[in-house]
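**Q** Fold the following.
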Amino acid sequence: MKSTEIHRVRNIGIMAHIDAGKTTTTERILFYTGKNYKIGEVHEGTATMDWMVQEQERGITITAAATTCLWNNAVINIIDTPGHVDFTIEVERSLRVLDGAVGVFCAVGGVEPQSETVWGQADKYNVPRIAFVNKMDRTGADFLSVITEIREKLGKKAAAIQMPIGSEETFTGMIDLINLKSMTWVGNDQGAKFELNDLTGSELDEAKLYRDELLETLADFDDELAESYLGGNEISAERLEQVIRKATIKDGFIPVLCGSAFKNKGVQPLLDAIVKYLPSPLDKGEIKGHDAKNVEEIMTRKPDETDLFSSLAFKISSDPFVGQITYLRIYSGEMTVGSHVYNPLEKKKERINKILQMHANKRTELESASAGDIVAVTGLKFTTTGQTLCAEHKPIIFDLMEFPETVISIAIEPKTSADEEKLQKTLDYLKIEDPSFNYRTNKETGQLLIFGMGELHLDIITDRLEREFKVGVNKGNPQVAYRESIKGHASAEHTFQREVAGKGQFGQATISVEPIENSLEIKVDFKKKEKSIPEEIYEAIKRGVQDAAPGGAMAGHALIGVKVTVDSVEYREAEANDVAYTIAASMAFKEACQKAGLVLMEPIMALEVTTPSDFSGDVIADVNAKRGRILGIDPKHNKDVLKAEVPLSEMFGYSTQLRSKTQGRASFTLTFKQYEPLTHNQAKEILQKRGIYI
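**A** Numbers count the residues shown, from 1 in each chain. Sure, this is the predicted structure:
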């Protein structure tokens with residue numbers, strides 16, 4: 001994209017709670033912009049953006065899919081993100097590189113649990129947003145109630161720029177509060193055409209009332225508009241659009257639109273709003289990063305093709321025709337096919353073999369790409385998710401992404417010896433593709449465990465192993481990913497000394513440990529560093545602690561929440577050996593943890609259940625029986641929203657249990673909150689089942 005045209009680019013994400021209509025809205029956008037010649041439907045498994053077999057079978061979005069379309073002379077790069085909590089990582093890494101987003105809300109459900117999660121992620125990256133209240137044709141649709149929830153639950157200054165004409169089965173269109181026009185969809189052309197008419201009578205009076213509410217909200221963001229409004233002056237549509245754009249980009253104002261994507265109403269005005277109110281890369285301005293040679297020093301890159309090249313790799317996936325592809329957001333400069341770029345974290349040069357513009361799982365080859373573009377490339381060998389690619393002579397590093405803690409695991413084993421050979425390689429690849437997935441062998445049992453964000457996540461992983469990668473596996477039941485921590489303070493010393501091939505190897509370290517509350521980290525500090533001891537020795541000691549932590553000190557579960565202090569190090573120049581110090585530190589660390597007293601930690605989940613009020617008592621009783629804590633009950637229409645904290649170990653199969661208790665009318669979300677210690681008896685019971693006695 002040439003720098004003179006970059007103001008026409010919109011890099012946006014579509015985000016929402018599951019089943020709010022994100023993918024349906026995206027399919028309509030692709031149809032009306034001419035990208036698709038027919039509308040794909042989620043419920044029929046024909047949605048363009050849900051191209052994976054698993055997505056089509058389940059009717060949900062699993063992986064963030066990218067596409068590009070044109071509207072009103074603007075280039076819109078869209079990423080359709082998942083709504084299911086197990087795939088939050090897909091939303092996180094998409095929002096990291098986007099300039100704006102459309103939050104889709106169900107007109108009946110309003111602000112649902114995952115809506116709050118994804119809006120929190122958007123806040124983290126300061127992504128400007130507009131809101132689209134979808135499903136206005138559904139029974140129970142309430143546009144104004146959704147706006148109230150956006151203000152109260154999400155803490156946003158939001159106001160309608162449209163009002164619906166009718167609701168539920170009488171929903172026919174909307175009133176444009178900026179131009180004071182009515183928009184109604186007529187005919188059987190799949191919503192491609194609509195009529196614009198002037199407002200009259202009571203319709204005009206009501207529109208002016210809501211337009212005044214919009215002006216009052218915007219007056220907080222623009223002093224000139226406030227003066228004009230208080231002075232009783234007429235405010236033009238052009239002026240109003242300018243203020244909405246400025247307030248949305250700079251101040252977090254949320255313009256709210258409405259429609260019914262499934263009934264083909266309201267999508268064209270949404271596209272207009274994306275172009276008018278969401279930022280271009282120029283509006284977002286310079287991006288900050290760290291000097292690769294001195295991370296304390298801040299560097300910037302301009303969204304201009306003439307600046308030095310810089311980009312962020314935000315997603316890696318597999319393509320059956322071109323192999324591994326890496327999705328890049330280019331922030332500055334230009335890259336061409338065959339050119340080399342530099343990865344400052346890996347200190348490696350990478351060659352760009354192909355540049356691809358993606359349309360879900362289809363691709364178009366490009367010769368070059370520049371600032372503002374979102375593209376996929378092939379040929380990268382060392383780059384992983386979240387890493388920076390840039391010009392080699394002046395390297396910059398953009399902030400790394402944070403990935404959530406895995407809380408659930410299952411044991412898997414290959415079906416045949418041929419599968420065994422392919423399994424390790426495939427798991428390595430899946431770990432690169434999906435940073436929220438992990439695997440390791442349990443040293444106590446010898447089982448191969450895969451870790452994920454939830455039952456559905458692991459179900460999709462094992463399904464892909466068999467269908468996509470042709471690796472046969474047997475899988476066990478889901479298991480909780482417990483952790484270990486310590487109760488108190490303790491110290492231990494370990495000396496490692498042996499002779500190998502006539503040469504002595506020596507390493508010694510004295511280590512103290514203490515607990516850190518509500519932490520998932522192992523922090524390593526040195527009481528004092530002697531100048532006479534080489535830095536490599538200290539690095540070897542730190543590595544020894546960090547390598548030992550994932551194996552635990554009691555039952556093979558990773559240690560968390562421990563502050564480690566290296567009190568002293570004995571150094572013998574003639575015999576000093578990195579490996580010896582790594583082993584000594586590892587053993588001293590484990591001994592100190594055992595002396596401090598070990599505790600088994602279990603993951604506690606935040607549970608939110610939306611249930612008809614008639615069934616609330618049964619749901620509460622069931623949560624209490626699962627060692628859960630009810631935090632609050634929020635009445636909403638004819639339903640109750642129950643918030644609770646429950647141990648993950650009690651929640652397997654909860655979906656089926658909840659359906660049976662509520663006649664299939666309740667829904668729930670489950671997200672990781674924190675780790676909490678188990679009592680000695682609880683830990684003893686869990687470990688005894690696995691043949692471990694404490």
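
**Q** Just to check, Tyr32 is in contact with Val267?
**A** Yes - between Tyr32 and Val267 there is a contact at 5.8 Å, judged by CB atoms under 8 Å. All C-beta atoms are positioned from the backbone trio N, CA, C, and that covers glycine.

**Q** Neighbour count: these two, which is higher?
**A** Set Tyr32 next to Val267 and count neighbours by other CB atoms under 10 Å: Val267 wins out with 25 against 20.

**Q** can you tell me the helix or strand for the closest residue in space to the more buried one that isn't next to it in sequence?
**A** The shortest distance from Val267 to any non-neighbouring residue, by CB to CB, 6 or more residues apart in numbering, is to Arg28 (4.2 Å). For Arg28, the element it lies in under DSSP states H and E is helix 22-32.

**Q** average pLDDT for that helix?
**A** Across helix 22-32, the average pLDDT comes to 84.

**Q** repeat for stretch 596-614
**A** The pLDDT scores in stretch 596-614 average 91.

**Q** How far does that stretch sit from its chain's centre?
**A** Mean-position distance between stretch 596-614 and its chain equals 21 Å (CA atoms, centre = their mean, to the nearest Å).

**Q** Would you mark the buried spots in that stretch?
**A** Residues of stretch 596-614 classed as buried by neighbour count (16 or more other CB atoms under 10 Å): 596, 598-611.

**Q** Then stretch 609-628?
**A** When burial is assessed from 16+ other CB under 10 Å, stretch 609-628 yields the following buried residues: Val609, Thr610, Thr611, Phe615, Ser616, Val619, Ile620, Asp622, Val623, Lys626, Gly628.

**Q** One more: stretch 584-594?
**A** Neighbour count says stretch 584-594 has Ala584, Ala585, Ser586, Met587, Ala588, Phe589, Lys590, Glu591, Ala592, Cys593 buried, by 16+ other CB under 10 Å.

**Q** Contacts for it next, please.
**A** For stretch 584-594, the external contacting residues (CB atoms under 8 Å, 6 or more residues apart in numbering) are 484, 486, 490-496, 507-513, 540-545, 547-549, 553-554, 559, 562, 564, 566.

**Q** And the furthest pair within the buried residues of stretch 584-594?
**A** Among those, the pair separated by the greatest distance (CB to CB) is Ala584 and Cys593, at 15.1 Å.

**Q** low-scoring pLDDT stretches of the stretch 301-450 of the chain, where are they?
**A** Within the stretch 301-450 of the chain, the segments meeting pLDDT under 70 span 320, 360-361, 443-445.

**Q** And the helices in it?
**A** With helices called from DSSP state H, counting those that start in this stretch, the stretch 301-450 of the chain shows them at 417-433.

**Q** which stretch of helix or strand covers Glu213?
**A** helix 201-219.

**Q** helix, strand or coil for the most centrally placed residue in the chain?
**A** Among the residues of the chain, the one closest to the centroid is Glu92, at 2.4 Å (CA atoms, centre = their mean). Secondary structure state of Glu92, per DSSP: H, G, I helix; E, B strand; the rest coil, is helix.

**Q** wait, doesn't it sit right on Gly120?
**A** No - with contact defined as CB under 8 Å, Glu92 does not count as touching Gly120 (10.3 Å).

**Q** Arg467 and Glu514, how far apart?
**A** Look at Arg467 and Glu514: by CB to CB, to the nearest Å, they are 48 Å apart.
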